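Participant: give me a 3D structure for the following:
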Amino acid sequence: MIRIVADDKIPFLKGAVEGVAEVVYLPGNQISKSDLVDADGLITRTRTRCNRELLEGTGISVIASATIGYDHIDTKYCDMAGIAWTNAPGCNSSSVQQYVVSTLLYLASHRDLDLRKLTLGVIGVGNVGKKVKNASEALGMKVLLNDPPRARREGEDGFVRLDELLTEADIVTLHVPLNHGGTDNTFHLVNRDFIAQAKEGVILINTSRGSVVDEVALMEGIARSDFSDVVLDVFEHEPEIDRDLLDAITLATPHIAGYSLDGKANGTAMTVQALSRHFNLGLDDWRPGDLPLPEQPELLGDASQDQEYELMWEIFRSTYDVSSDDQRLRSAPGSFELLRGEYPFRREPSAYAVRFFQGYQELYTVMERLGFSVLGDYCA
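Facilitator: Residues are numbered from 1 along each chain as shown. Okay, the predicted model is just below:
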């Protein structure tokens, strides 16, 4: 029987492959070479650095990461050593979309912003960026897209240069992989030059990787009031956080944008299926069982008042309130990993139905485009 070492924080995994493999569960940041000497496969998240130091001399033939990103895997070494590796692209794209929408509606409600008069710049238009684009357009925003790799492959129609996006965008949201060097370098993409080109008073949202932002340059920009608001789900030196930076930004969360239950289930399913194909385990179609429903799956809203964004925020925060994660992190900034490991139950809008009192068709359409099921008008 094959032997698998797995990160013990991957949800829904326990019991999935035990019938066809021996599985050892360990904290991801504590997995060592000695744990892998007699192992055949490794199931990871981002906290396990999969490099030569960890893998050389072990029995590992495949690494399956239950994450979109794979910068924790030394892919060049794995390719050279004949170690197959997989990630889970798009697994939590709807979860990150939910995070960004919650952020936009929070800002609209708390900053008195009319999103229909603002331009959103999406940098990185992959699985996540495309969903953020669609949701932002549903909210009435003008959206600019920047993705040099896609523009080279598909042509420039529909994409803009980075300098053009920075000049025009009121809000910039980052959805890029972490690339060190090369044509599409994203390490410290947000640097002094980036900030200097950005529109005065820009709002910055980063849910990609912490090192995409140069935090020294960011702090300089904040001190000059270059930004209206900064929202960070990821940090350059996480799990350690610069406390001065934490105090200076609007919203801070512990790398949980993609942590919906739905996204976690997708990532684990893709991981188990990849492992099954590699070892021929017969689990190529495996998925977790039915996910638990929210405590209140039907939400009611009063659309009789002309306060559209306040109404949408009140509805949306019932599925996910980004400010609650901000409060949890600020109350215990040294507990970054614990906050991730013990993250509370969160379902995406698709698990909810919305019913309005005196609703109107345009609002129904917006909520449906954000992922909700919309029921008929509520009658008292």
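
Participant: so what's the closest residue to residue 349 other than its chain neighbours up against?
Facilitator: Leaving out its chain neighbours, the residue that sits closest to residue 349 by CB to CB, 6 or more residues apart in numbering is residue 371, at 3.5 Å. All C-beta atoms are positioned from the backbone trio N, CA, C, and that covers glycine. Applying CB atoms under 8 Å, 6 or more residues apart in numbering to residue 371 gives the contacts 94, 97-98, 348-350.

Participant: drop anything exposed from those residues.
Facilitator: 94, 97-98, 348-349 (16 or more other CB atoms under 10 Å).

Participant: list just the nearest of those residues to residue 132.
Facilitator: Closest approach between the buried ones among the contacts of residue 371 and residue 132, by CB to CB: residue 97, at 5.5 Å.

Participant: any weak-confidence spans in this structure?
Facilitator: For the chain, residues meeting the criterion pLDDT under 70 lie at 305-306, 359, 376-380.

Participant: break it down into its domains, please.
Facilitator: Annotated domains of the chain cover 2-87, 93-252, 298-374 [automatic domain parsing].

Participant: can I get these in TSV including distance to residue 277?
Facilitator: Formatted as TSV, the domains of the chain follow (distance: least, CB to CB, whole Å):
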stretch	distance to residue 277
domain 2-87	9
domain 93-252	21
domain 298-374	27
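
Participant: quick one: which of these is nearest residue 268?
Facilitator: The nearest among the domains of the chain, by CB to CB, is domain 2-87 at 4.7 Å.

Participant: how far does that closest one stretch from start to finish?
Facilitator: For domain 2-87, the first-to-last residue distance is 21 Å (CA to CA, to the nearest Å).

Participant: from the middle of its chain, how far away would that domain be?
Facilitator: Put simply, domain 2-87 sits 22 Å off its chain's centre (CA atoms, centre = their mean, to the nearest Å).

Participant: what's in contact with stretch 236-245?
Facilitator: Contacts for stretch 236-245 (CB under 8 Å, 6+ apart): 210-211, 213-215, 218-219, 232, 235, 252, 254-255, 329, 333, 336-337.

Participant: list the buried residues in that stretch.
Facilitator: Result for stretch 236-245 [16+ other CB under 10 Å]: buried residues 236, 238-239, 241-242, 245.

Participant: which one of these is nearest residue 149?
Facilitator: Checking the buried residues of stretch 236-245 against residue 149 by CB to CB gives residue 236 as the nearest, at 23.2 Å.

Participant: how close does that closest one get to residue 243?
Facilitator: Going from residue 236 to residue 243 by CB to CB, to the nearest Å gives 14 Å.

Participant: and residue 27, by the same measure?
Facilitator: Going from residue 27 to residue 243 by CB to CB gives 25 Å.

Participant: now residue 97
Facilitator: 30 Å.

Participant: can you check residue 293 too?
Facilitator: Taking CB to CB, one finds residue 293 at 38 Å from residue 243.

Participant: and if you look at residue 58?
Facilitator: 38 Å.

Participant: before we move on, the earlier item: distance check, the residue nearest to residue 349 against residue 142.
Facilitator: 21 Å.

Participant: also residue 209?
Facilitator: Separation of residue 209 from residue 142 (CB to CB) stands at 27 Å.

Participant: cool, residue 131 as well?
Facilitator: 17 Å.

Participant: where along the stretch 201-350 of the chain do the strands fall?
Facilitator: 202-206, 227-232, 251-252, 298-302 (DSSP state E, counting those that start in this stretch).

Participant: tell me which of the buried ones among the contacts of residue 371 fall in helices.
Facilitator: Those of those mapping onto helices are 94, 97-98, per DSSP state H.

Participant: mind putting those residues into TSV with distance to residue 358?
Facilitator: What follows is those, written out as TSV (distance: CB to CB, whole Å):
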residue	distance to residue 358
94	29
97	28
98	26
